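Trainee: Sequence plus the predicted model coming up.
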Amino acid sequence: MSDNVKDNILFKSIFHSSVEGILVVDDEGFIIKANPTAEKMFGYDTNELIQKKVENLIPSQFKNNHQLHREDYSIKPKARSMGHDLDLWGLRKDGSQFQLEISLSPTAIDNKQVVIAFIIDSTERMAAKQALIVSESRMAEAQTIAHIGNWHWNLHSNERSWSDECYRIYGLLPGDERLNKDSVILFIHPEDRENSLNTVRLAIENKTDYQYEKRISRPDATIRYILSKGKIAYDLDGKPTEMYGTIQDITKQKKVEEKLKENEEKLRNYTIELKEKVIDRSTALNAVVEKLTDLNLNLNNQIYETKEAENKALSSKQLLDNVSHNFPGGFIAVVDFNFKIIFIGGEELAQLGFEDLAENKTVIDDVIGVSDYIKEIIKDKISKTLKGEHHSFEIEFRDKYYLVNTTPLSNKDHRIEQVLLVYNNITLQKKAEFDMLTTLKKEQELSELKSRFIAMASHEFRTPLSAILSSAILIEKQNGIGKEEKRINYVSKIRSNVKNLVVILNDFLSLSKLQEGKIMVQPEQFDLVAFAKSLIEELTGIKKKGQTISLQSHLIPILVFLDLKLFKHIIYNLVSNAIKYSEENKEILIKIEATIKHVSIQIKDHGIGIPTEDQINMFQRFYRANNASNIQGTGLGLHIVKQYTELMGGTINFKSQLNEGSTFYIEFPLNKK
């Protein structure tokens, strides 16, 4: 058998069994041969490619590039490979496109120049390359988020290498030569240099790893706290050959610790003040301090766990998944620009029911159990983060509070495509904060209440007692004959002031009974209109000169089923207030109306009115309006009136305008039995 025959047999064997597609193309661009692999690659049946132009296998948008490569090849025909750095694509019979690599080899068949094209489908290889780029990009993003950089130092060549995050921590641009020289020691704070050198020296002597904290001074004069960890490699003689490790920016953690210490000191001082002011509240304050101490310990534990998680973060995506799945006190999620959840992990996923969100590629709007209000907040923050912003905000969900931090994630082209959301459970911190504020508010209310009581009592008791004392002295001096009228006048003043004291004491007694729950409603049926007329006559003796009290009602009688004693106290107090705070010659109106279900009473005066800023507090104990400080009163009347009204199922409110008067509105159910 001749050598040519053997070569032809070998060529045919290679041609038909090759895993690469092989096309033989003449000088006019027609395919004259195609092996089975090429036919399968382009989706054609056997011999269906023969006599087709090569251009039929190229997508229209790439035909110009193909023409340029063909012209270049025709000028310098030689074996060459294309596709590793060029964007080459093939077109299948069904219209689908795929990326490929081509090797060209010129030869002659039957004395005709042809080109043999060896074709490889590079779709899978390019996809793997792209996945590797994305994985490396995410690892770099993870280092940036965790503020951890890695470094290496060859002790023989004195060559150092630093990750980009190391440069950012030192406040430098990547590649800055200042980190690649011995002058790097100058970045360490002068007070920390000796300790840093001693720590590394001892580690080398003892052949151990090292870990220590230090401060560095950056070129912009800012100070950063750094956690440095390192390992040392040795040769067979025990001499160090290289060092490598990580540095982590822990400035934020340091500031949190300093803030916690400052808050503890403030809380300690405030606790001492509260103990000195209010002895009976010391137990509650001690409980708050204990809760805050527990909270501080929990927060320190969380910081420690977070440090440990950050220190163990490596370049592996699998390790990143493990860290996220065990994220303490919350969870981590990655969302794309369509608000689709592509990754989620953390300890609280199971109890929240979020385990399958990433696997199902769930859109935020489709998450079950989350209110539309919270969804809109999260979507708004994601939209802003996709523009390059970082956000931190709080949300309340299922009686839990979360602090949410967002960070933009970029692809290899530095375009933001995804957002990282970190949810930290701060429920314990919030509860302690609410408890502390509630306790503080109660202490402030108690202190204010005591101050108002002391001021009122000292004023209201002193005035009538002084009048009684002076009248008694004057009576003692008016014992002569013919001075009976003066004695009677002084005795009348004593009676009036004693009556005022009795009213004050009755108010205190009523308040005490209300607080102890000893006031019991004892309803009885009576005519409201007749009662009002009787009360007007009873009040005649305390009216000022020219004052009139008018009654207006279109129904006679109006039968009600209420506690007569409590009801009389309510109306008497409101009408006597109208008399007390109105000038002479003013009218006071009592208006009574009834419907099928309710009876309402209006008491209107034209007195001094109530300032707007005081109106919200008028039903509080011992509270008096600013424009009534010179008029006798305890600040208990309206508080007791409101309590009595509500005991009988009624409501009370008022409208008032300064210097024009006030109108009080009372409404009760029209009970007839």
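Mentor: On my side now, so go ahead. Numbers count the residues shown, from 1 in each chain.
Trainee: how about low-confidence regions in the stretch 451-600 of the chain?
Mentor: 451-518 (pLDDT under 70).
Trainee: What are the boundaries of the strands in the stretch 551-673 of the chain?
Mentor: Ranges of strands in the stretch 551-673 of the chain, per DSSP state E, counting those that start in this stretch, are 559-562, 587-594, 598-604, 651-657, 661-669.
Trainee: Direction included, what does the second one pair up with?
Mentor: Each strand paired with strand 587-594, and its direction, by DSSP bridges: strand 548-553 (parallel), strand 598-604 (antiparallel).
Trainee: before we move on, what about the shortest one?
Mentor: On the basis of DSSP bridges, the sheet neighbours of strand 559-562 come out as strand 524-527 (antiparallel).
Trainee: tell me which residues in the partner strand are buried?
Mentor: The neighbour-count check on strand 524-527 (16 or more other CB atoms under 10 Å) flags residue 526 as buried. Quick note: C-beta positions are derived from backbone N, CA and C, even for glycine.
Trainee: any idea how far it is from the chain center?
Mentor: Distance, stretch centre to chain centre, for strand 524-527: 58 Å (CA atoms, centre = their mean, to the nearest Å).
Trainee: what comes up buried for the helix or strand just after that strand?
Mentor: Toward the C-terminal end, the helix or strand that comes next after strand 524-527 (DSSP states H and E) is helix 528-538. For helix 528-538, the neighbour count (16+ other CB under 10 Å) marks 528-529, 531-532, 535-536 as buried.
Trainee: just those residues now: which is nearest residue 650?
Mentor: Nearest to residue 650 out of these is residue 528 (CB to CB; 12.7 Å).
Trainee: So which of the strands of the stretch 551-673 of the chain is nearest residue 249?
Mentor: Here strand 651-657 is closest among these (CB to CB), at 59.1 Å.
Trainee: Given the closest one, what are its sheet partners and their directions?
Mentor: strand 661-669 (antiparallel).
Trainee: rewinding a little: residue 135 is nearest to which of the strands of the stretch 551-673 of the chain?
Mentor: Comparing those by CB to CB, strand 651-657 comes nearest, at 67.7 Å.
Trainee: Show me the beta-bridge partners of residue 90.
Mentor: residue 98.
Trainee: residue contacts, residue 369?
Mentor: By CB atoms under 8 Å, 6 or more residues apart in numbering, the contact list for residue 369 reads 353, 398.
Trainee: right, I mislabeled it, should have said residue 655
Mentor: Taking CB under 8 Å, 6+ apart, one finds 662-663, 665 in contact with residue 655.
Trainee: Quick one: buried ones out of those?
Mentor: So, by 16+ other CB under 10 Å, the buried ones in the contacts of residue 655 are 662-663.
Trainee: ok now the strand or helix carrying residue 422, how far from the chain's centre?
Mentor: Per DSSP H and E, residue 422 falls inside strand 416-425. Offset of strand 416-425 from its chain centre (CA atoms, centre = their mean): 13 Å.
Trainee: what comes up buried for it?
Mentor: So strand 416-425, judged by 16+ other CB under 10 Å, has buried residues 418-425.
Trainee: ok, those vs residue 114, which is closest?
Mentor: residue 418 (50.1 Å).
Trainee: Look up how far residue 349 lies from the closest one.
Mentor: Look at residue 418 and residue 349: by CB to CB, to the nearest Å, they are 19 Å apart.
Trainee: same check, this time on residue 293
Mentor: 30 Å.
Trainee: So between those two, which is more surrounded?
Mentor: Neighbour count, other CB atoms under 10 Å: between residue 293 and residue 349, residue 349 has more, with 21 against 13.
Trainee: What sits closest to the more buried one if chain neighbours are left out?
Mentor: residue 355 (4.9 Å; CB to CB, 6 or more residues apart in numbering).
Trainee: The one helix or strand residue 16 maps to: what's the following helix or strand?
Mentor: Using DSSP H and E, residue 16 sits in helix 3-17. Per DSSP H and E, the first helix or strand lying C-terminal to helix 3-17 is strand 21-26.
Trainee: Need the contact partners of the helix or strand just after that following strand.
Mentor: Later in the chain than strand 21-26, the nearest helix or strand by DSSP H and E is strand 31-34. Residues outside strand 31-34 that contact it (CB under 8 Å, 6+ apart): 15, 21-26, 44, 47, 49-54, 109, 114.
Trainee: hmm, which of those are the buried ones?
Mentor: 15, 21-26, 44, 49, 52, 54, 114.
Trainee: quick check, nearest of those residues to residue 602?
Mentor: Once CB to CB is applied, the member of the buried ones among the contacts of strand 31-34 that ends up nearest residue 602 is residue 44, at 97.8 Å.
Trainee: Kindly confirm my reading that that closest one is in a helix.
Mentor: No: membership of residue 44 in a helix is not supported by DSSP: H, G, I helix; E, B strand; the rest coil, which gives coil.
Trainee: which residue sits closest to it, ignoring its sequence neighbours?
Mentor: residue 93 (5.4 Å).
Trainee: contacting residues around the one you found?
Mentor: 42-44.
Trainee: Kindly list the main-chain dihedrals of it?
Mentor: phi -60, psi -30 (degrees, to the nearest 10).
Trainee: ok, now which ones touch the residue positioned nearest the centre of the chain?
Mentor: Geometric centre of the chain, nearest residue: residue 394, 0.7 Å, by CA atoms, centre = their mean. Applying CB under 8 Å, 6+ apart to residue 394 gives the contacts 401-404, 426.
Trainee: check which helix or strand covers it.
Mentor: strand 391-397.
Trainee: Dump that strand to PDB, keeping only the CA atoms.
Mentor: Provided in PDB are the C-alpha atoms of strand 391-397 (Å, rounded to 0.1, in the frame of the first residue of the first chain):
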ATOM      1  CA  HIS A 391     -28.900  53.300  53.200                       C
ATOM      2  CA  SER A 392     -29.600  52.300  56.800                       C
ATOM      3  CA  PHE A 393     -33.200  52.200  58.200                       C
ATOM      4  CA  GLU A 394     -35.400  50.400  60.600                       C
ATOM      5  CA  ILE A 395     -38.600  48.300  60.000                       C
ATOM      6  CA  GLU A 396     -41.000  46.600  62.300                       C
ATOM      7  CA  PHE A 397     -42.200  43.100  61.200                       C
END
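Trainee: continuing past it, what's the next helix or strand?
Mentor: Next along from strand 391-397, by DSSP H and E: strand 400-410.
Trainee: tell me what that next one is packed against?
Mentor: helix 123-146, helix 372-385, strand 391-397, strand 416-425, helix 427-477 (3 or more CB pairs under 8 Å, 6 or more residues apart in numbering; DSSP states H and E).
Trainee: hmm, 6 Å instead?
Mentor: helix 372-385, strand 391-397, strand 416-425, helix 427-477 (3 or more CB pairs under 6 Å, 6 or more residues apart in numbering; DSSP states H and E).
Trainee: Would you confirm that residue 90 contacts residue 101?
Mentor: No: with contact defined as CB atoms under 6 Å, residue 90 does not count as touching residue 101 (10.3 Å).
Trainee: if you count what's nearby, which of those two comes out ahead?
Mentor: Neighbour totals were compared for residue 90 and residue 101, and residue 90 leads with 23 against 18 (other CB under 10 Å).
Trainee: Appreciated, that's everything.
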